[in-house]
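Q: model this:
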Amino acid sequence: MLLLSVTRDEEGKTGSINIRTDDALFLEFDQIQKRVYAHTLLERFFIAGSLTYWQTSLKAAGYEFETVDRNIVVHVPKIKRLDSVFAFAYFDYEINKSSKRITLAQKHIKKVIADATEHNRRIIVT
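A: From the prediction side, this is the model:
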């Protein structure tokens, strides 16, 4: 089991903690803050390094993290629902106000659908 070293605050003042890579839904680069965030179902963490570095490193370790937008790399097996009309990926089968979603660039939608359905036969594509 691979762990990611993350922090809960931007400066790391609360110290580093480890989260399971399997719990990471997606990584996101915030262009304004110039930071990479690792998102789980319940939290958002700060992670050192570039988005490209993490995607390359995690793929080399056998994880399926794919670029879906300029600033987002998604853990493909974690996608539960895809909205091909509005270009959203969700990490829950049933969508509610607290459901996390990401936007997919139009040029990546077909590949994401193919990859996600390969990993999850129960995925819902609308």
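
Q: Now do the buried residues in stretch 80-99.
A: 80-83, 87-91 (16 or more other CB atoms under 10 Å). Heads up, the C-betas are built off the backbone N, CA and C, glycines and all.

Q: closest to Glu64 among those residues?
A: Set against Glu64, the nearest of the buried residues of stretch 80-99 by CB to CB is Ala89 (13.2 Å).

Q: what residues are up against that closest one?
A: Residues near Ala89 by CB atoms under 8 Å, 6 or more residues apart in numbering: 68, 74, 79, 81-83, 101-102, 104, 112, 116.

Q: hmm, 6 Å instead?
A: If you count contacts by CB atoms under 6 Å, 6 or more residues apart in numbering, Ala89 has them with 79, 82, 102, 104.

Q: Mind checking which of those residues land in strands?
A: Judged by DSSP state E, the contacts of Ala89 include 82, 102 as members of strands.

Q: Now the contacts of Ala89 in CSV, please, with extra columns for distance to Phe45 and pLDDT.
A: Below are the contacts of Ala89 laid out as CSV (distance: CB to CB, whole Å; pLDDT from 0 to 100):
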residue, distance to Phe45, pLDDT
Ile79, 20, 96
Leu82, 25, 94
Ile102, 16, 97
Leu104, 22, 95
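
Q: got a winner among the contacts of Ala89 for most neighbours?
A: Within these, neighbour counts (other CB atoms under 10 Å) peak at Ile79, which reaches 28 neighbours.
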